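Undergrad: show me the folded form of this:
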Amino acid sequence: MRVVVPVLSPFGPGCGRPAASAAGARAVIRHYLALWDVQSVADEVLLVVTELLSNAVRHGTPPWSVRMWLVSEEDGRRYVRLEAADAGAGIDVEQLRAHWRRPCGSLLSGGRGLFIVDTLASRWGDDRSGLGHMVWAELDVKPVGPSHSAAGG
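TA: Numbers count the residues shown, from 1 in each chain. Down below sits the predicted model:
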């Protein structure tokens, strides 16, 4: 099952302030996480979407957009997928990860936001297209209690 929520429609200069839009995106995300009963990942999801959108606005090219999906796989894995897109060229995720691994690599020169994403997300990456690129992150939803099937329901 995939439920796609367009959290933030594409916007660019003259279409609203990015800071207000980020706050609006977080409000919509918080609402849907509660609706889907996955508040167990709310703090992490809100931090990750803030980092993704901040990077898109700071380093990308308008228009920007944010989407969130709740995905339930056949194997039982459930996760929230966040996507922040812009019309820019994108990033080289492997080069960034290699920078973090080098002894002389430092988070002082940037990349802290994506390091946070890397720490919190079970998976993340960057997909490029002819229209720009989209940075995505998946955060696993942990089961809260015994499954309904185990309880006989």
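Undergrad: would you say Ala27 is within a helix?
TA: Yes. Counting by DSSP: H, G, I helix; E, B strand; the rest coil, one finds Ala27 located in a helix.
Undergrad: helices or strands up against the helix or strand hosting Leu52?
TA: Secondary structure assignment for Leu52, by DSSP states H and E: helix 42-59. With contacts taken as 3 or more CB pairs under 8 Å, 6 or more residues apart in numbering; DSSP states H and E, helix 42-59 sits against helix 18-35, strand 64-72, strand 78-86, helix 112-120, strand 132-140. C-beta here means a position set from N, CA and C on the backbone, and glycine is covered the same way.
Undergrad: try 6 Å
TA: For helix 42-59, the packing partners by 3 or more CB pairs under 6 Å, 6 or more residues apart in numbering; DSSP states H and E come out as helix 18-35, strand 78-86, helix 112-120, strand 132-140.
Undergrad: now tell me which of those the model trusts least on average.
TA: Mean pLDDT per stretch puts helix 18-35 lowest among these, at a mean of 81.
Undergrad: other SSEs contacting that helix?
TA: Counting contacts by 3+ CB pairs under 6 Å, 6+ apart, helix 18-35 packs against strand 2-11, helix 42-59.
Undergrad: export the longest one as PDB, just CAs?
TA: Going back to what we said before, that points to helix 42-59. Taking C-alpha atoms only, helix 42-59 is exported to PDB below (Å, rounded to 0.1, in the frame of the first residue of the first chain):
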ATOM      1  CA  ALA A  42       7.500  11.800  14.300                       C
ATOM      2  CA  ASP A  43      10.500  13.500  15.800                       C
ATOM      3  CA  GLU A  44      12.900  11.800  13.400                       C
ATOM      4  CA  VAL A  45      10.600  12.400  10.300                       C
ATOM      5  CA  LEU A  46      10.200  16.100  11.200                       C
ATOM      6  CA  LEU A  47      14.000  16.600  11.600                       C
ATOM      7  CA  VAL A  48      14.800  14.800   8.400                       C
ATOM      8  CA  VAL A  49      12.200  16.700   6.300                       C
ATOM      9  CA  THR A  50      13.600  20.000   7.800                       C
ATOM     10  CA  GLU A  51      17.100  19.000   6.700                       C
ATOM     11  CA  LEU A  52      16.000  17.900   3.200                       C
ATOM     12  CA  LEU A  53      14.000  21.000   2.500                       C
ATOM     13  CA  SER A  54      16.600  23.300   4.000                       C
ATOM     14  CA  ASN A  55      19.200  21.800   1.600                       C
ATOM     15  CA  ALA A  56      16.900  22.100  -1.300                       C
ATOM     16  CA  VAL A  57      16.300  25.800  -0.600                       C
ATOM     17  CA  ARG A  58      19.900  26.600   0.300                       C
ATOM     18  CA  HIS A  59      21.700  24.600  -2.500                       C
END
